[in-house]
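Peer 1: From the sequence below, what's the structure:
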Amino acid sequence: MTFKRHLGAALAAILVSTAPSMADTAVSVGISGWTGFAPLTLAKQAGIFKKNGLDVTLTKIPQASRHLALASGDVQCAATTVETWVAWNANGVATKQIFQMDKSYGADGMVVRGDITKIADLKDKAIAASAPGTSPYFVLAWMLKHNGLTLKDVKVVNLEPGPAAQAFVAGQNDAAMTYEPYLSTVRAAPDKGKIIATTLDYPIVMDTFGCTNAFLEKNPDAAKAFAKSYFEALELIAADKNKAYEIMGGRCEAIRGSIWQFSTISPLAGQGGQSGIL
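Peer 2: Presented below is the predicted three-dimensional model:
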């Protein structure tokens, strides 16, 4: 069966009935607007989750508070970076990573004003970044360390990646930590600043998918269903990028353009297959 026939049939099924099957496992997933999470949107919109027995609700929650949603039971699963899962577990949110989603190859980065020539020049400067315990904050700390600075040497202004990029383009702060599709906001405004470093220079960001231990214990087949659905979504992307990217990006041209970079963001894109428990 071709991608278009598969996708058309899946979407037709969604249009016929949006009510979950009695056999479907209902689960809420916390994500952000990060481009690498777009295949989860495709898996939902193309009916892949439903085909594999999952009734999935995708909810955008800032990384800084995603663990609170997991702890409260508002969401049962999430997508985030590896070091974030470690921090969550260390703080009492019992979770398990079940498969790798992507590695960032240039899709996370630091933007600075045009007169800043190196990261060491940021001493005593204001840098917008998400709160402690998030990937942008971790990447900022790593970049500073490798350039002779610490977080104490700069003024961190806590802003999520989207607002951080928007504030930077609006003339606020000396630098900002962000990721795609927001990194392209700065790339498209060279008069406002430049990208001084990305994960091509500092390859330290990897995303995984996971769920709470309680959810996995109650729904032992859910982990396999999520992994199967995610990699089936990657297969659909490989089969027809135009259609898949249109579905993942919706009507937003900037997001669609950013999603076009997914094959370089993630070496897993289009490979298919499944990953074991990490």
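Peer 1: Grab the nearest non-local neighbour of Lys123.
Peer 2: Nearest non-adjacent residue to Lys123, counting by CB to CB, 6 or more residues apart in numbering: Asp153, 5.0 Å away. C-betas here are computed from N, CA, C, even on glycine.
Peer 1: Provide a list of residues in contact with the one you found.
Peer 2: 122-124, 144 (CB atoms under 8 Å, 6 or more residues apart in numbering).
Peer 1: In strands only, show me those residues.
Peer 2: The strands, defined by DSSP state E, take in nothing from the contacts of Asp153.
Peer 1: So which other helices or strands are in contact with the helix or strand containing Asp55?
Peer 2: Assigning secondary structure by DSSP states H and E places Asp55 in strand 54-60. Judged by 3 or more CB pairs under 8 Å, 6 or more residues apart in numbering; DSSP states H and E, strand 54-60 is in contact with strand 25-31, helix 38-45, helix 222-239.
Peer 1: circling back to that earlier point, could you measure from the residue nearest to Lys123 over to Lys243?
Peer 2: 48 Å (CB to CB, to the nearest Å).
Peer 1: quick one: the strands in the protein?
Peer 2: Counting by DSSP E, the strands of the chain are 25-31, 54-60, 77-81, 95-103, 108-112, 126-129, 155-158, 175-179, 194-198, 206-212.
Peer 1: Kindly reformat those as TSV containing mean neighbour count.
Peer 2: Listed next are those as TSV, based on neighbours: other CB atoms under 10 Å:
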stretch	mean neighbour count
strand 25-31	20
strand 54-60	17
strand 77-81	26
strand 95-103	20
strand 108-112	27
strand 126-129	24
strand 155-158	16
strand 175-179	28
strand 194-198	18
strand 206-212	22
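Peer 1: Most neighbours out of the contacts of Asp153, which is it?
Peer 2: Highest neighbour count within the contacts of Asp153: Leu122, with 24 neighbours (other CB atoms under 10 Å).
Peer 1: ok, now how distant is that residue from Gly73?
Peer 2: From Leu122 to Gly73 the distance is 40 Å (CB to CB).
Peer 1: go on, Trp88?
Peer 2: 14 Å.
Peer 1: more crowded one of these two?
Peer 2: Higher neighbour count among Trp88 and Gly73: Trp88, with 22 against 11, using other CB under 10 Å.
Peer 1: show me the contacts for that one.
Peer 2: 67, 70, 95.
Peer 1: partner residues bridging the last one?
Peer 2: In this case it means Thr95. When bridges are assigned using DSSP bridges, the partners listed for Thr95 are Thr212.
Peer 1: pLDDT wise, what is it at?
Peer 2: Here the pLDDT value assigned to Thr95 is 97.
Peer 1: go on, the one 4 residues further on?
Peer 2: On pLDDT, Phe99 comes in at 95.
Peer 1: what do you get for the one 3 residues further on?
Peer 2: Residue-level confidence at Asp102 comes out at 89, pLDDT.
Peer 1: any idea how far it lies from Leu234?
Peer 2: On the measure of CB to CB, Asp102 and Leu234 end up 10 Å apart.
Peer 1: Could you double-check that Trp85 sits in contact with Gln97?
Peer 2: Yes. Between Trp85 and Gln97 a contact is recorded at 5.4 Å, counting by CB atoms under 8 Å.
Peer 1: anything in contact with each of the two?
Peer 2: With CB under 8 Å, 6+ apart, Trp85 and Gln97 have common neighbours 208, 210.
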